Structures are given as C-alpha cells and as structure tokens.
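Asks: would you be able to build a 3D model of this:
(chains A, B and C)
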Amino acid sequence: MQLKRHNLDWIYFLDLFGTLVFAISGVLTSIEKKFDLVGSIVIGFVTAIGGGTLRDILIGKFPVGWLIDRNYMLVIIVGCLLSYLFRSRILKWRKSMFIFDTIGIGLFTILGIKTSLSFGLSVEVCLIMGVVSAVFGGVIRDVLTNEIPLIFRKEIYATACLAGGVVYLLLVRTTGIEDLGIVISMLVVMIIRYFAVKRGWTLQLG
Amino acid sequence: MQLKRHNLDWIYFLDLFGTLVFAISGVLTSIEKKFDLVGSIVIGFVTAIGGGTLRDILIGKFPVGWLIDRNYMLVIIVGCLLSYLFRSRILKWRKSMFIFDTIGIGLFTILGIKTSLSFGLSVEVCLIMGVVSAVFGGVIRDVLTNEIPLIFRKEIYATACLAGGVVYLLLVRTTGIEDLGIVISMLVVMIIRYFAVKRGWTLQLG
Amino acid sequence: MQLKRHNLDWIYFLDLFGTLVFAISGVLTSIEKKFDLVGSIVIGFVTAIGGGTLRDILIGKFPVGWLIDRNYMLVIIVGCLLSYLFRSRILKWRKSMFIFDTIGIGLFTILGIKTSLSFGLSVEVCLIMGVVSAVFGGVIRDVLTNEIPLIFRKEIYATACLAGGVVYLLLVRTTGIEDLGIVISMLVVMIIRYFAVKRGWTLQLG
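Replies: Now for the predicted structure:
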C-alpha cells in the first residue's frame, strides 16, 4: 500500500511493516505448494502489493504506488528472501504472524480509505476501496495458487475491515483526530478478527 | 456497466437492471459453492461490474464507472442481499433468469461499444471491448470460484455478443437510428443464445 | 507487447512475431483443454497481450498498446485461426515452437524494459516490468484454464528473463549500442532457458 511520506511518519513505517508481513505470508503459502524460489518471490510480491495495486488502478492513480517508492520493493524482496531461507523457523511463529497479519489488514484498510478520499470519491466507495486494499492481495495470491480465495470461505476477514473502516470514518469525522481514529479502528479490526477465528464466527445463514 | 445519464434514459435503467441481474447470477453461483454472506456479496459485485471495469481500465477511463455513480453500488448491494435471503425462491426462477441474463449481456455489449467509440478507438477494438464488457464479469466470477470459465466450454455466449455488436454497428451506421439499432441487435443476441442453448450449438470443430 | 514504429523496425517485426508465437502457444494450450473456437481465440489473445497489457496498466499507459495498433490484433487473430485449423500439424512442431517462444519472452522482456524506462521509472522497477511483460501472458492463460501457473513450478522462465534484462541494461549503459544489447541479452535468455529445460534446473532449495 502506498503513502506519501508526511508528518504521519509512524503510519509510513507501519505500512512498510504491513507490506513485509504480507510478503512473508505469501511466501509461506507458496512454500506449502512447493513453489521454487522465483515462484515464492512472485507470490510474496503479489500478496504484498496486490490489494493496493488494484485500488490504485480502479481509482486511476498511476503509476501505481510501489513503482515509485522503492522502499516497498526493498522490503518485499528482503522479506521474501528471509522467509524463504528461514522458513522452518518462521512457520513456528505462525501464531504471532496472525497478529502481524491482522495489523496489516487493519492498516491497509485505513490507508486505502485515506487514498480514495484524497481522490474525491464518495464515502461508501472509499470504504469498499479500503476493503479491496486489505483483502485483494490475498485473493490474487489464492487465485494464482489455484485455491478458492480464503476470504470466501472462512474468517470474517472482509467484515472486520469494513467495520474498522466505518469506525475510522466516524471517529475522524466527529473528533477530527486522525491518529486516534487510526488506532481505535485498528483495534476494532483486530478484536473482530480475533474473536471470529477463536469462536469460528461466520456470516453464513444456512 | 456505466453510462452518463442523457436522453437515452431507458438505456440507463436497462443498464441498472442488467447490473442487478448479473449481481443475482453471481450470488446464485456463490451459494452453490457454500460461500458466506460476504463472499456472496463480493462475487455478486465482481460479476456485475467486472466486465465494465476491465473495459474502463483497458481504454483508460478513470475512475472506473461504478466508483462515481452510486446507483450501481446501490443496485448491486440490494440485489445481493435480496438474492441471498430469497435464494430458494430465486433458484426456482432460473429459467426466467436466463432471459434476463441474456438481456444483460446484449445490453452490456452495446454499452461497451458505445463507451469505446467515445474514446475514439477503431471499430474492431470497440467490438472486442463490447464483448469484454459483456462476458468478463462472468469470467472473473468463474476464476474466483476456481472454475474454468463457462465461456470457454459451453454456449456460444461470446459469439452471440459479437454478432449483436456487428449488427448494432451496421444498423447505426446505415440508418443512423440509435434506439432501433439497440433493440434489433439485442434481439440478435437473445435469439442466437436461445437457439445455442436449446440445440446445444457450439463452435467446436473436432 | 507494444512499440511505436521507429528506426528499430526489425524490433517491431520481431515483436509482432513474438505476439504471433504467444497466440499460437495459447491456442495449443486451449486445445488440450478441449475449448471451442471462441475459447481458443480468447486464450490466444490473452496469452499474446496479457503481459504487455498488465505492464501498460501498472505504469499508466492508456489506452493499452494493442488497442491503438491494429497490427497486433490482426496478427493474433490470424495466428489463432491458423493454429486452430492446423493444430495437429503445429503440435508436431512443438520443439521448434519452444525456440520461437524463447525468442518471444526474451524480446518481450527487453521491450518491457524499454517502455518502462521511457516512463522515467527506476532501473529495478523497469527490470520487474520487463519480466512482467514476458511472463504474465502465460500466467493469465494458466489462471483462466484453471492451472497453477507454470512459472511457479517448472523451468526458470522468469529468472532467464531477469538475467537477460540485467545484461541488456549493462550493455546499453556501458557500450551505448542498443541493437548489440538486444541481440546479446536475447541470446542470454535463450541459453539459460535451453539449459534449464535440458538439464531440469530449478532454483528450489529443499
């Protein structure tokens, strides 16, 4: 996900961190499928930048963000190499990965909303673009590895993003305090996803 | 598919109607796959806007249409919710759905051609963009649900769209009467597809 | 992949030739899957223009190249029809196809780099765009035919492209002779791929 450097520098670093986590999660998936090194890097890349890239394309932001800020590429390639080399160790950390991954989707949701708002799009479109930013990296990863995207089957992944996005917009519009909105809405995403996974919540009706 | 409101208001409403039908068809597919509510809405969305979105991206029309006319989003979300809730009833209507669906692809073909013509592209490219608008929503739906796209296997879906597009262009260029061209070319799409399905036509050679 | 006509006319013709070869390779894949004629043409098209189209979208070059130079469409449609009609004969030539296909990916890599450089992107991004141009047509083909993309499993396809791209950039920057750089880097791609396939090289670690 892409963000111009500005006074919210901690968001920029969290964004790079989210990109790193998504790249690692992509590589781990590719290793389970017995991909070679190049395949793993491609999947790591696509998982990390897929959602933000699709958002940039839909709203018409070119060239898409990671092409013009080389830090994203650097983080992804380092993440891919490290996770490919130390994969057995990282697989043991999968539980902590889950927490990082949830931070990632929460952050990507909010960055997606902020980017879309700056393009003058309506609130509900910005919400959808936030969710797209957060989940489509994983969707493209699953399509490329010939799986039915996880988002359609388990976990209320997208719903957590949507709820976080709504909370963020409400808080920023009422209090005007950006940083507070980000922190609280990310907590919302994390809490919903945590309980969803713990208790096997789904929204399936029948 | 997206269209500026103008004196052809009946087309605008038919377009929204086509979008609704495509959303419903997406949800029905997702239900067969046992997706949860969120997954169904995503598939409904993608089926409804996928073709027009790909066309807009290829010809360089940003932001893509459904981001700037909220009626499309409204229609899709209502369509998804209704078809998810009343799915058993709608599944019984599948025969009538087939007719609506054919209206949808016919109309999307022509709207795709009109949009591309307004970007100054050559006639044969506009024809292809018409077919892309009509069929790629279904292709993306099939890819996301891990199926080989229907268009590659059964029904001469794309051929019907292509024939309708050719008839539309010929009629508008010779008679100059837009509405007449639309009605007749949509009838062509419907008739070809009807007989194709009834009689099991394909273009397979061996 | 798209290229303005200029004094490097031999590249333009090689590019059309590469497009033709990719279209044929797409049709052959679709025939193995028992697609009908329309399906085969769609797969031929997507294989031939997929990589260049994705590159154009990412860097923001609209309308994407094949929409505005009809020679590409012409070559693809002729290639699809011929290879569908004479498929049994072409299948016998598969060995020579392999050579043509390698020429195609080598050339598409370099054209992708050149196009991206002209958009002022950084060298490492241009390298990636070169690889994207060369391999994503095949990736999209594999996704649409419900296969795990070949690039993730066998052959060091993408690595060969990357190596060729690096050699090209080095030669052009040091010698300044464009044509020489193209010829040598294409030889590099071909030699790597040839030995990779012959000797079953992969980059898999464990």
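
Asks: for A:Met129, which residues are in contact?
Replies: A:Arg55, A:Leu58, A:Ile59, A:Gly112, A:Ile113, A:Thr115, A:Ser116, A:Leu121 (Cβ atoms under 8 Å, 6 or more residues apart in numbering or on different chains). For every residue, glycine as well, the C-beta is placed using N, CA and C.

Asks: which of the residues you listed are close to chain B?
Replies: Near chain B, judged by Cβ under 8 Å from any Cβ of the partner chain, the entries from those are A:Leu58, A:Ile59, A:Leu121.

Asks: tell me the contacts of the nearest residue to A:Leu14 once chain neighbours are set aside?
Replies: Excluding the flanking residues, the one nearest A:Leu14 by Cβ to Cβ, 6 or more residues apart in numbering or on different chains is A:Leu107, at 5.4 Å. Residues in contact with A:Leu107 (Cβ under 8 Å, 6+ apart) are A:Met1, A:Ile11, A:Leu14, A:Asp15, A:Gly18, A:Ile182, A:Met186.

Asks: of these, buried ones?
Replies: Neighbour counting over these (16 or more other Cβ atoms under 10 Å in any protein chain shown) leaves A:Met1, A:Ile11, A:Leu14, A:Asp15, A:Gly18, A:Ile182, A:Met186 as the buried ones.

Asks: report whether the worst-scoring helix or strand of chain A on mean pLDDT contacts chain C.
Replies: Least confident element among the helices and strands of chain A, by mean pLDDT, DSSP states H and E: helix A:87-92 (a mean of 83). No. Using Cβ under 8 Å from any Cβ, helix A:87-92 stays clear of chain C, with a minimum separation of 8.6 Å.

Asks: that helix - contacts with which helices or strands?
Replies: Helices and strands touching helix A:87-92, by 3 or more Cβ pairs under 8 Å, 6 or more residues apart in numbering or on different chains; DSSP states H and E, are helix A:9-32.

Asks: run the chain-centre distance for the helix it packs on.
Replies: 8 Å (Cα atoms, centre = their mean, to the nearest Å).

Asks: A:Asp179 is in contact with A:Tyr168, correct?
Replies: No. Between A:Tyr168 and A:Asp179 no contact is recorded; they are 11.1 Å apart, counting by Cβ atoms under 8 Å.

Asks: who has more neighbours out of the two?
Replies: Remark: of A:Tyr168 and A:Asp179, A:Tyr168 carries more neighbours, 27 against 11, as counted by other Cβ atoms under 10 Å in any protein chain shown.

Asks: name the nearest residue to whichever residue of chain A sits closest to chain B, sequence neighbours excluded.
Replies: Here the residue of chain A nearest chain B is A:Gly60; by Cβ to the nearest Cβ that distance is 2.6 Å. In space, and not counting its chain neighbours, A:Gly60 is closest to B:Phe62: 2.6 Å by Cβ to Cβ, 6+ apart.

Asks: what of A:Ile140?
Replies: In this structure, A:Ile140 finds its nearest non-sequential neighbour in A:Gly50, 4.0 Å apart by Cβ to Cβ, 6+ apart.

Asks: in contact with the one you found, which residues?
Replies: A:Gly50 sits next to A:Phe136, A:Gly137, A:Gly138, A:Val139, A:Ile140, A:Arg141 when contact means Cβ under 8 Å, 6+ apart.
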